[in-house]
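Visitor: below: sequence and its predicted model.
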Amino acid sequence: MGDFDKSRQQVLARIAEALHAVGRPAGACQLLAVSKTFPAEAVREVYALGQRAFGENYVQELAEKAAQLGDLPELEWHFIGPLQSNKTRVVAETAHWVHSIDRLKIAERLSDQRPATLAPLNVCIQVNVSGEESKSGCAITEAQALAHAIARLPNLRLRGLMCIPEPTADLAVLGDRFAQLRKLQQSLIQQGLPLDTLSMGMSADLETAIAAGATLVRVGTALFGARTYPSPS
């Protein structure tokens, strides 16, 4: 637990310093601990340090960890990976947030499948800010119509926008991508949608994202360590 504690404190210090550097108030950006590929016990250890929000990319992994950690009362699950329509029910029944909605069909299924006993599901629209055909996310030009349609769904609460820019060491390019998402958020707010969340920035670029207005950074490697993926059989 000592290693996780040190890593978490370092990440929180980076967030605090980045906020201070651009004159944003302390606490204006939250940490989402991305626990994909790490065992439930690692989540339990980081939870014990005070972390409550955890992100998962894979539906089966989310379901398994949620079942194993059901005794943790304040644990908040964020689904941040690509979501296929045939797997929405598990997410609708398990997650507190979904960051990766990029088409209306997925949102409609999540709303229809959200149990009436649970609060509305917090959702973000994933926007393809880099325009890569291989990237998930709706086009910037489609985001406005999608946002207004999702805002009308009964069991969802549209909270904001998410992006995953193309991998690059060019911080100027990243800053521009993040600024595009911020500009889109401001436009939607002016149209009457109360969006309070910008989910952008990861371990390597969280400072750039915070400078552009991120309210939530998705950090895995800097918190849990390098991931090892199973070899394909």
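Guide: That came through fine.

Visitor: quick one, helices of the protein?
Guide: 2-21, 40-48, 59-68, 88-94, 104-113, 140-151, 171-190, 206-211, 221-224 (DSSP state H).

Visitor: got the buried residues for the second one?
Guide: With burial defined by 16 or more other CB atoms under 10 Å, the residues of helix 40-48 counted as buried are A40, A42, V43, R44, E45, V46, Y47. Bear in mind the C-beta positions are built from the backbone N, C-alpha and C, glycine included.

Visitor: the last one contacts D71, doesn't it?
Guide: So the one you mean is Y47. No: with contacts counted by CB atoms under 8 Å, Y47 stays clear of D71, the gap being 10.4 Å.

Visitor: which residues touch stretch 124-142?
Guide: Identification of contacts with stretch 124-142 by CB atoms under 8 Å, 6 or more residues apart in numbering yields 82, 97-103, 143, 146-147, 150, 158-166, 177-178, 180-181, 184, 197, 199.

Visitor: pull out the buried members of the residues you listed.
Guide: 97-103, 143, 146-147, 150, 158-165, 177-178, 180-181, 184, 197, 199.

Visitor: thought L75 was touching A48?
Guide: No: with contact defined as CB under 8 Å, L75 does not count as touching A48 (11.3 Å).

Visitor: residues near the residue nearest to G201 when sequence neighbours are not counted, how many?
Guide: Spatial nearest neighbour of G201, excluding adjacent residues (CB to CB, 6 or more residues apart in numbering): A209 at 2.5 Å. Neighbour count for A209, taken as other CB atoms under 10 Å: 28.

Visitor: give me the distance between V90 and N155.
Guide: Plainly put, V90 is 15 Å away from N155 if you go by CB to CB, to the nearest Å.

Visitor: sorry, wrong one. I was asking about N57.
Guide: 23 Å.

Visitor: so the residue nearest to G201 sits against D176, correct?
Guide: No: look at A209 against D176 with CB under 8 Å: they stay out of range, at 12.0 Å.

Visitor: pretty sure I150 is touching A107, no?
Guide: Yes: because the distance of 4.7 Å satisfies CB under 8 Å, I150 is recorded as touching A107.

Visitor: what sits against R109?
Guide: S85, T88, R89, A92.

Visitor: could you redo the last one with a cut-off of 10 Å?
Guide: L83, Q84, S85, N86, K87, T88, R89, V91, A92 (CB atoms under 10 Å, 6 or more residues apart in numbering).

Visitor: so what's the residue count around the third one?
Guide: Counted with other CB under 10 Å, the burial measure for S85 works out to 12 neighbours.

Visitor: report pLDDT for it.
Guide: The model reports S85 with a pLDDT of 94.

Visitor: repeat for M1
Guide: Reading off the model, M1 has pLDDT 53.
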